[in-house]
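A.B. asks: structure of the sequence below:
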Amino acid sequence: MQLQKKILIGLAGVLLFAGIGKGWSELRSNPADKGAAPAEATDKNPAKKGGKPLFVSVEQVKPGTIHVYHQALGNVTSFATVAVKSRVNGQLTAIHFREGQLVKAGDLLARIDAKPFEAQLAQIQGQQVKDKALLSNAVADLDRYQTLLKQDSIAGQQVDAQASLVQQYKGAVLSDTGAVESAQLQVAYTKIVSPISGRIGLRQIDGGNNITTADTLAVINQISPIAVTFTLPENMAQEVSRLLDQRAHHGLPVLALDKGNTQVLAQGKLLTLDNQIDPATGTIKLKAEFANDNNALFPNQFVNVRLLLNTLPQVNVLPPVAIQHGSQGDFVYKVDAQNTLHVQLVKVGSSDGDAVAVLNGLNVGDRVVVSGLDKLRDGAKVVVAGSKGKPSGGNEFKHSGEFKRPGAFQQSGEFKRHQS
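C.D. replies: Next up is the predicted model:
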């Protein structure tokens, strides 16, 4: 009996598992049990199959000006850097500047105790007065001796000796004059003045300390005007040199931007190129000048430099986001009057911030898609945003082409690719 029960229980288990498997198989094979799939999931292009049109934003091709730039990393350098030192040794009695102050050439910066030098000057001046008196007396004696010589009342040898004495006193007076001028300079050097105009740095010696000619009181950097040095590839040297010669009076415009490459710090002009190419890097060094009236540039600061190489007027321009990239080249989605999409191959040129030049493939007034690009297909119907299903003239795309555009950048005329 127990054996029969075990056999019956085993058969019941096998039948149960078989029933469950068959039911699961039928459930998977019957799509009605899962519910109908959404039309969007089975139709990858509803606009092309008569489904709901896709909404897009468009821009019209407009004429504009494109600036062609070369961008490089530049280093701000001062035209003049002076370490302020004392020209005499002595005690620093007064400081007449604030750290970081803008100073002009000739401004008083500090004083050194002048009493020792004034005393030395007085001593030399006293010796000068003495020698002048001796010279005056010797000259008077020489005049008398010469009169007596004419009367044959004195020997000629005595007259010659007196004339020699006069010359000695003249030499002594000249020596005294030089010594007095030297002592006066020493007194003048006790006033330390600024040799150039610029911004003075941190004070390195405090008042009351003894200062020598080897010590540096502070460093002054000329900051207006100021220079920026940067490099160009050697294959651009001839082109830039030619452009610089053509615009010798005005120079090539240069922009200095911050590290984020978004804010224009200063605008200047290219001064010159170096006279040799660096063989280690294959580049040539350039120097630009900036007025720096707003004191935005500091010596040794790193900035992004944009050198304007060319200007392309009245070219067809588009926002860079409209340009797509495929195996056949660059293309855009063009929208016709019936709001139907067409894939249009284009040839793009230089870019300038929010605009890129379209050399061929489009005409002024053509509408191209700038947003909603992810599900578009050639021949699909679209609804232009803001047009309520009717053909729209598109958004008004404006490109001013102004030089001071923070985002303006094109290196060597090559098109900078923009990802949509």
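
A.B. asks: residues of the longest helix anywhere in the chain that come out buried?
C.D. replies: Looking only at the chain and at elements set by DSSP state H, the helix with the highest residue count is helix 115-150. By 16 or more other Cβ atoms under 10 Å, the buried positions in helix 115-150 come out as 116-117, 121, 124, 128, 131-132, 134-135, 138, 141-142, 145. Using the backbone N, CA and C atoms, a C-beta is placed for each residue, glycine as well.

A.B. asks: again with stretch 269-280
C.D. replies: Neighbour-count burial for stretch 269-280 [16+ other Cβ under 10 Å]: 269-271, 273, 277.

A.B. asks: in JSON lines, list these along with secondary structure, distance to L255 and pLDDT.
C.D. replies: JSON lines is the format used below for those (DSSP: H, G, I helix; E, B strand; the rest coil; distance: Cβ to Cβ, whole Å; pLDDT from 0 to 100):
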{"residue": "K269", "secondary structure": "strand", "distance to L255": "11", "pLDDT": "93"}
{"residue": "L270", "secondary structure": "strand", "distance to L255": "11", "pLDDT": "93"}
{"residue": "L271", "secondary structure": "strand", "distance to L255": "15", "pLDDT": "91"}
{"residue": "L273", "secondary structure": "strand", "distance to L255": "18", "pLDDT": "91"}
{"residue": "I277", "secondary structure": "strand", "distance to L255": "24", "pLDDT": "93"}
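
A.B. asks: nearest to I226, of the residues you listed?
C.D. replies: For the buried residues of stretch 269-280, the closest approach to I226 (Cβ to Cβ) belongs to L271, at 11.6 Å.

A.B. asks: residue contacts, the closest one?
C.D. replies: Going by Cβ atoms under 8 Å, 6 or more residues apart in numbering, L271 touches 227, 251, 287-289.

A.B. asks: what's the neighbour count on V364?
C.D. replies: Other residues near V364 come to 12 when the count uses other Cβ atoms under 10 Å.

A.B. asks: which strand or helix spans it?
C.D. replies: According to DSSP states H and E, V364 maps onto no helix or strand at all.

A.B. asks: now it: phi and psi?
C.D. replies: Per-residue torsions, V364: phi -60, psi 130 (degrees, to the nearest 10).

A.B. asks: V315 versus that one, what's the distance?
C.D. replies: From V364 across to V315, the span is 10 Å (Cβ to Cβ, to the nearest Å).

A.B. asks: which residues are in contact with both of these two?
C.D. replies: Residues touching both V364 and V315 (Cβ under 8 Å, 6+ apart): P63.

A.B. asks: tell me the mean pLDDT over stretch 151-161?
C.D. replies: Averaged across stretch 151-161, pLDDT comes to 85.

A.B. asks: buried ones in that stretch?
C.D. replies: Buried residues in stretch 151-161, counted by 16+ other Cβ under 10 Å: 154, 159.

A.B. asks: which outside residues touch it?
C.D. replies: Identification of contacts with stretch 151-161 by Cβ under 8 Å, 6+ apart yields 142, 145-146, 148-149.

A.B. asks: next: stretch 240-251.
C.D. replies: Residues outside stretch 240-251 that contact it (Cβ under 8 Å, 6+ apart): 232, 252, 269-273, 286, 289, 307, 309.

A.B. asks: Q101 and G198 touch, don't they?
C.D. replies: No: shown here, Q101 and G198 do not form a contact pair, counting by Cβ atoms under 8 Å, at 10.0 Å.

A.B. asks: out of those two, which sits in the more crowded spot?
C.D. replies: G198 (24 against 15).

A.B. asks: partners of the host helix or strand of Q276, with directions?
C.D. replies: Assigned by DSSP H and E, Q276 belongs to strand 264-278. Using DSSP bridges, the neighbouring strands of strand 264-278 in the sheet come out as strand 253-257 (antiparallel), strand 283-290 (antiparallel).

A.B. asks: can you give me the helices in this structure?
C.D. replies: 2-29, 39-42, 115-150, 156-188, 237-246.

A.B. asks: so for the shortest one, mean pLDDT?
C.D. replies: Average pLDDT, helix 39-42: 36.

A.B. asks: contacting residues for Q186?
C.D. replies: Applying Cβ under 8 Å, 6+ apart to Q186 gives the contacts 88, 117, 120-121.

A.B. asks: which among those gets closest to N209?
C.D. replies: Among the contacts of Q186, and counting by Cβ to Cβ, the member closest to N209 is V88, at 14.5 Å.

A.B. asks: any weak-confidence spans in the chain?
C.D. replies: Counting by pLDDT under 70, the chain has low-confidence residues at 1-53, 386-420.

A.B. asks: all strands in the stretch 251-400 of the chain, in order from the N-terminus.
C.D. replies: Remark: strands assigned in the stretch 251-400 of the chain by DSSP state E, counting those that start in this stretch are 253-257, 264-278, 283-290, 302-318, 324-326, 329-335, 341-345, 347-352, 355-360, 367-371, 382-384.
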